[in-house]
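>>> Below is the structure, and that's it, no one-letter string:
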């Protein structure tokens, strides 16, 4: 669905008005992709507030100082990997979810920041950092397939969110004050986390079972034209 601009790629039919380039259904799907991504970003910020034990009034100031989503994801990875409560299976599932977020961010950015390149083939381009140019499919099939992945990923991350909460040792002790610290942690590790895992795996299996995103049509070997 996305790729580096092929050498010799030639721009196809091009129009200046997005409403002439895309159908109402395509435009609606692009808007839905942008909006659901905002939800995923907010969930990531909220999870950071939880693992960092921030007071609510510090949530926005702190998360906005962490530039870009990559740094936030890295903090979540560190939290998961250093947990004494999460099983290896749980850590691997968290990694799979976070990897999905990183991968889908590229697709989302390419779509939302794209320029029309070939209306008839449904190809757009994005000029990224260091003038790197990539192509992204914006056909209805591609947009629908990507949106379906984002919907599942959002629900998947909601279940992963609970794994992060269960990994909090201080919370485990506070909830089970009738147990010793070690007993409370063991109860989370041997009971609560295993009970949550099927819910996480359900969404990850749904995501992996989706039909592959469409591939690009065959390219003609002609001189590239990337003027915007």
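Nice, thanks for sending it over. The shown structure was predicted, so the numbers you read here are calculated from the model rather than taken from an experiment.
>>> quick one: contacts for the residue sitting nearest the centre point of the chain?
For the chain, residue 101 is the residue whose C-alpha lies nearest the centre (Cα atoms, centre = their mean; 2.3 Å). By Cβ atoms under 8 Å, 6 or more residues apart in numbering, residue 101 lies in contact with 40, 44, 69, 73, 153, 157. No exception for glycine: its C-beta is placed from N, CA and C like everyone else's.
>>> now do 7 Å
Contact partners of residue 101, counting by Cβ atoms under 7 Å, 6 or more residues apart in numbering, are 40, 73, 153.
>>> Can you turn the buried part of those residues into a PyMOL selection?
Selecting only the buried entries of the contacts of residue 101 in PyMOL, with 16 or more other Cβ atoms under 10 Å as the criterion:
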select buried, resi 40+73+153
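>>> In helices, which of the contacts of residue 101 fall?
Using DSSP state H, the subset of these located in helices is 40, 73, 153.
>>> between those residues, which is closest to residue 132?
Ranked by distance to residue 132 (Cβ to Cβ), the ones in helices among the contacts of residue 101 are led by residue 73 at 21.1 Å.
>>> Show the contacting residues for the closest one.
So residue 73 contacts 98, 101, 102 (Cβ under 7 Å, 6+ apart).
>>> Buried residues, the host helix or strand of the second one. List them.
Secondary structure assignment for residue 101, by DSSP states H and E: helix 88-112. Under the neighbour-count criterion of 16+ other Cβ under 10 Å, helix 88-112 has 90-91, 93-94, 96-98, 100-101, 104-105, 107-111 buried.
>>> now swap in stretch 26-42 and tell me
For stretch 26-42, burial by neighbour count (16+ other Cβ under 10 Å) applies to 26, 29, 30, 33, 36, 37, 40, 41.
>>> got these as TSV, with distance to residue 203 columns?
Output for the buried residues of stretch 26-42, formatted as TSV (distance: Cβ to Cβ, whole Å):
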residue	distance to residue 203
26	26
29	21
30	24
33	18
36	15
37	17
40	13
41	18
